[in-house]
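# Give me a model of this one.
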Amino acid sequence: MVAAARQMILEVEGDVRLQGFYSPQLGGSSRGVVLLIHGWLGQANASYNIAIGEYLYQHGYSVFRLNLRDHGDTHSLNPGIFRGDLLDETFAATQQIARLESGRPFYIIGSSLGGNFAARLAWRHSQTPLPNLAQTLAVNPPLDPYHTTLKLDSAPAFYLAYFRRKWRRSFRKKQTAFPHLYDFSGAVAARTCMAMTEAFVTFTPYPSARDYLASYAITPAMLADLQTPVTFITAADDPIVPVEGFQPFHNLTPYLKLHILPYGGHVGFIDLFPFRRWIAQAALAILAGDW
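Residues are numbered from 1 along each chain as shown. Now for the predicted structure:
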C-alpha cells in the first residue's frame, strides 16, 4: 500500500489545502475506496492507519490516507490552525476522495478523533450525500471532547505526557511557519491538556474551552437520522474515552451498530498470540457487511 501511494493535495473552499496519500489497486480494479482518518496529533502514517490500510489493500481495496490540517508535516500548508470543529473542509475533501473511483463503493474509517470526524461525516452525508458511501467505522471515537479532555488529564501520567509533548511540538511547528500570526507560549507552558485548550481557544472564535469542545461533540440526536450504516467499536478499558458515553447510542437506529469490547485500550485491539492488530480483521468484516 505504501509503495503504491501517491501524494495528493486536495484544494477545498477558502483556499484550504489538505494532504493525502492515495493507493489505488494495481490494474485499476478495486472493491472500493477506503478513506482512513487518523487521530488527534496523529498522521496518515500512524501505525494503526498503516495496519488497517495495508490489510484492506491486500484484500482488494484502494486506500486514501488523509492528513487533517496541521497533522503530519502540513503545518505550513494553511495559515489557519487546526480545530476539531473543521468539518466543512474535511467533508469537502471527502467528496473529492469519494469520486476518485467513480461507481465503486466508498468507505470511511476513523480512529480516535478521526472516528469522531468519521461519525460526523456520516451525519453530514444524511444531509448532503457523499458518492456511494457504503459503510463508516469509528474506532474509539471521543463523543464528548470535554469529558475526554478531563479524562486525559486524569489518566496515567504517560498519556498526558505523550499528548502534551505532541501538542507542544505541533504548536511550535505552526508558530515557526507563521511567526507573524501566532505566539503559543501560553499553551506550550500549560501543564494539562485542559489548560492548553484554554490557552489555545484564544486563537478560535469560541469564548471558552467548554464552548469549543462542545462544537464537535456527537449527540444521539445527530445520528438518529443516519442514512448509511455506521459502526462504533470501543473498549471498556479505554483510559481516554469514557465508555459510559456510548450508552445513549444503544438501539438508537438500525443504521448504528455499537460494539463495546472488554479490552482494547485506546485504538489498541492487539492480539498477542498471534501478534496482530485485530482491528484490521474487524474492519474488513465490517466493510463486507459480515459483522
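# Okay, domains of the chain per the record?
6-143+218-287, 149-217 (automatic domain parsing).
# With respect to burial, which of these scores highest?
domain 6-143+218-287 (a mean of 19; mean count of other Cβ atoms under 10 Å). In short, each C-beta sits where N, CA and C put it, glycine included.
# could you say what helices and strands the lowest-mean-pLDDT helix or strand in the chain packs with?
When each helix and strand of the chain is scored by mean pLDDT, DSSP states H and E, strand 275-277 comes last, with a mean of 78. If contacts are counted by 3 or more Cβ pairs under 8 Å, 6 or more residues apart in numbering; DSSP states H and E, strand 275-277 sits against helix 47-58.
# how far does the helix or strand that comes right after the helix it packs on sit from the chain's center?
Next helix or strand after helix 47-58 toward the C-terminus (DSSP states H and E): strand 62-66. Centre-to-centre, strand 62-66 and its host chain are 13 Å apart (Cα atoms, centre = their mean, to the nearest Å).
# what's in contact with the host helix or strand of Asp211?
Using DSSP H and E, the element containing Asp211 is helix 209-214. Contact with helix 209-214 is made by 83-85, 145-146, 149, 194, 197-198, 200-201, 204, 206, as judged by Cβ atoms under 8 Å, 6 or more residues apart in numbering.
# Show me which pair in those residues is furthest apart.
Asp85 and Met194 (17.3 Å; Cβ to Cβ).
# mind listing what His250 touches?
Going by Cβ under 8 Å, 6+ apart, His250 touches Leu258.
# Distance check, it against Val243.
To Val243, His250 is 12 Å away according to Cβ to Cβ, to the nearest Å.
# Please apply the same query to Tyr57.
With the distance defined as Cβ to Cβ, Tyr57 ends up 31 Å from Val243.
# hang on, isn't Asp70 packed against Lys174?
Yes. Between Asp70 and Lys174 there is a contact under Cβ atoms under 8 Å: 6.1 Å.
# okay, and the common contacts of these two?
The contact sets of Asp70 and Lys174 overlap at Ile81 (Cβ under 8 Å, 6+ apart).
# Run the chain-centre distance for the least confident helix or strand of the chain.
Centroid separation between strand 275-277 and its chain, computed with Cα atoms, centre = their mean, is 21 Å.
# What lies in contact with it?
The contact list for strand 275-277 (Cβ under 8 Å, 6+ apart) reads 48, 51-52, 55, 269-270.
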